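**Q** From the sequence below, what's the structure:
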Amino acid sequence: MTLETWSQGLLLVGGAILIAAWLGTAFVKDRQFERWLYWFGSLLGGALIALSVAGRGWKVVIMAAATIAFVAVLQAYFTTPYIRIRGRNHAFSMQDSAPDSSDINTDEPPSVPPRDSYPGRVTAPKAWWLFVVIIAFFGLGGALAGWSAKTLPAAGIICLAALACGIDDATRKLPKARGQHVQATMAAALSISMAFLPPVLYLIGYRIGTVRPMGYGLRDPVARHYAHEDDDDE
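**A** Numbering: from 1, shown residues only. Next comes the predicted model:
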């Protein structure tokens with residue numbers, strides 16, 4: 001066999017193992033086995049894919065392995081409960097961060113999501129740090145690449161999202177930026193290449209939501225847990 005044949009074979013086998021492991025977790029009901037399948041498949045499949053480019057030098061191998069590891073960890077954090085350190089799950093959503101069923105005390109009542117959490121059971125601090133990253137990526141990217149027909153749509157989406165977030169926060173009677181002042185300040189500063197439109201539109205949206213509440217915040221089940229607090233404030 002030639003080196004090219006070995007390379008293609010390792011790439012196909014590694015890719016098949018990686019995809020099979022990631023997709024296979026959907027058919028497994030035991031969370032511990034899900035984790036094992038995901039990380040073992042990611043490790044083995046990623047190693048084979050990285051070795052498939054060994055003919056291009058070890059620097060390329062390391063870069064390929066680092067890229068696959070980054071994607072595997074990022075996907076695990078944002079979509080799964082597979083990152084478990086010292087008996088605690090670490091994930092973006094509260095649902096995936098919750099303890100395993102074997103660790104849950106059945107005598108305790110189920111927890112109620114915080115009032116300032118976002119749909120999908122995402123805490124306000126995590127959501128706002130994500131907003132900072134998104135604005136930094138697209139804002140700095142647009143500034144470096146230059147605003148054009150290819151980059152302006154992303155800025156437009158961010159501006160519309162800021163307006164909608166402002167309306168939603170005011171509708172739910174939450175403080176500006178849901179109290180995440182550090183992240184909000186950083187996001188505003190990073191929006192300089194967008195002429196500070198995202199923070200301005202957020203404030204306009206917040207004013208609109210204050211005067212005329214609207215949207216999902218009026219019927220969100222999470223918000224209804226605190227209906228009596230709103231009644232007391234009136």
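**Q** Report pLDDT for residue 2.
**A** Looking at residue 2, its pLDDT reads 65.
**Q** Hmm, I typed the wrong one, I wanted residue 160.
**A** In this model, residue 160 is scored at 95, pLDDT.
**Q** again, but for residue 13
**A** Predicted confidence (pLDDT) for residue 13: 94.
**Q** do residue 215 as well
**A** With respect to pLDDT, residue 215 scores 84.
**Q** I'd say it and residue 172 touch.
**A** No. With contact defined as Cβ atoms under 8 Å, residue 215 does not count as touching residue 172 (9.3 Å). Heads up, the C-betas are built off the backbone N, CA and C, glycines and all.
**Q** So between the two, which is more surrounded?
**A** Neighbours per residue, other Cβ atoms under 10 Å: of residue 215 and residue 172, the larger number sits with residue 172, 21 against 14.
**Q** Quick check: phi and psi at that one.
**A** phi -80, psi 0 (degrees, to the nearest 10).
**Q** Quickly find the element holding the residue positioned nearest the centre of the chain.
**A** Geometric centre of the chain, nearest residue: residue 78, 4.6 Å, by Cα atoms, centre = their mean. Using DSSP states H and E, residue 78 maps to helix 58-79.
**Q** Need the CA coordinates for that helix. CSV is fine.
**A** Coordinates of each C-alpha in helix 58-79 appear next as CSV, following Å, rounded to 0.1, in the frame of the first residue of the first chain:
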residue,chain,number,x,y,z
TRP,A,58,3.7,16.7,12.5
LYS,A,59,2.7,20.3,12.8
VAL,A,60,-0.3,19.5,10.6
VAL,A,61,-1.1,16.4,12.7
ILE,A,62,-1.1,18.5,15.9
MET,A,63,-3.2,21.2,14.3
ALA,A,64,-5.7,18.6,13.1
ALA,A,65,-5.9,16.9,16.5
ALA,A,66,-6.3,20.3,18.2
THR,A,67,-9.1,21.3,15.9
ILE,A,68,-11.0,18.0,16.4
ALA,A,69,-10.5,18.2,20.2
PHE,A,70,-11.8,21.8,20.1
VAL,A,71,-14.9,20.9,18.2
ALA,A,72,-15.6,17.9,20.4
VAL,A,73,-15.3,19.9,23.6
LEU,A,74,-17.3,22.8,22.2
GLN,A,75,-20.1,20.5,21.0
ALA,A,76,-20.1,18.7,24.3
TYR,A,77,-20.4,21.9,26.3
PHE,A,78,-23.2,23.5,24.3
THR,A,79,-25.3,20.4,23.5
